[in-house]
Structure formats: structure tokens, C-alpha cells
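Enquirer: Got a sequence here, can you model it:
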Amino acid sequence: MPQQESPHRLAWLMTAVVAGVAGGLLAPLISPALARNARPTARKLLKAGIAAFECGRELTAELTEQASDLMAESRAEYDAEKKSVSGDERPAASATEIVRLRGSGPETAAT
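Expert: Take a look at the predicted model:
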């Protein structure tokens with residue numbers, strides 16, 4: 001049994017044909033206007049992209065500088081705390097003092 005075409009399909013086909021013909025007729029009129037405006041528009045978009053990139057670089061540089069300053073301050077505080085904790089304890093004996101205490105150094109051999 002042959003399949004009957006519905007009116008919906010016929011309307012869709014007619015719309016596609018009309019749109020194709022209209023597009024073919026209007027393309028030569030629209031194309032020069034698009035070509036004329038495409039380059040300045042692309043240039044404006046690129047300038048906006050460059051400006052956004054530069055702004056991002058500046059913000060990143062400021063953030064990096066602040067992080068570096070914070071790290072230096074933290075390191076200084078850490079070293080100061082470590083030095084004060086080490087200063088409270090008795091300083092470790094040097095290698096020559098240990099030898100002298102054992103009595104195996106050249107100072108004790110001469111006596």
C-alpha cells in the first residue's frame with residue numbers, strides 16, 4: 001500500500017523551498033555588508049580580548065607579589081620562633097668539646 005503524504009510534510013517542504021530561494025536571492029545583497037563589517041568587528045573583539053588578558057596579567061602579578069610578601073613574613077616569623085625556642089635550651093656541644101670530654105683528644109694526651 002503506498003504511503004500517503006500528510007499535509008504537514010508538504011507544508012514543511014514548501015517552507016524549505018521558499019527559504020532556499022529567498023536565501024539564494026538575498027545572499028549577494030547581504031554578503032558584501034557582512035564582509036565589510038566582519039574585519040572591524042573582529043578587530044574590536046581582538047582588542048577586547050587583549051585588554052582582558054592584560055588585566056588578568058596585572059591581577060596575577062599583584063596576587064603573586066602579595067603571596068610572596070606573605071611567604072617572606074611567615075618565614076621570618078617561623079625563623080624567629082625557631083631561634084627563640086633554640087635559645088631557651090642549652091646549646092649543643094661542638095665536636096671539639098665532645099672530644100675533650102672523652103679524653104681522647106690531643107689536649108689530654110699531652111698531660
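
Enquirer: what comes up buried for stretch 40-55?
Expert: By neighbour count on 16 or more other CB atoms under 10 Å, the buried set for stretch 40-55 is empty. (Each C-beta comes from the backbone N, C-alpha and C, glycine too.)

Enquirer: And that stretch, how far out from the chain middle?
Expert: Centre-to-centre, stretch 40-55 and its host chain are 19 Å apart (CA atoms, centre = their mean, to the nearest Å).

Enquirer: And for stretch 35-45?
Expert: Distance, centroid of stretch 35-45 to centroid of chain: 29 Å (CA atoms, centre = their mean).

Enquirer: any idea of the mean pLDDT for it?
Expert: The pLDDT scores in stretch 35-45 average 87.

Enquirer: so where's the protein shaky on pLDDT?
Expert: 1-7, 87-111 (pLDDT under 70).

Enquirer: can you give me the helices for it?
Expert: Assigned by DSSP state H, the chain shows helices spanning 7-88, 95-102, 106-110.

Enquirer: Please identify the most buried of the ones you listed.
Expert: Highest mean neighbour count among the helices of the chain (mean count of other CB atoms under 10 Å): helix 95-102, with a mean of 11.

Enquirer: could you check the distance from the residue nearest the centre of the chain over to P32?
Expert: Against the mean C-alpha coordinate of the chain, by CA atoms, centre = their mean, the closest residue is T60 at 8.5 Å. Distance, T60 to P32, using CB to CB, to the nearest Å: 43 Å.

Enquirer: And for Q66?
Expert: The value you get for Q66 to P32, if CB to CB is used, is 52 Å.

Enquirer: With R39 instead?
Expert: Distance from R39 to P32, by CB to CB: 13 Å.

Enquirer: With P40 instead?
Expert: Distance from P40 to P32, by CB to CB: 14 Å.
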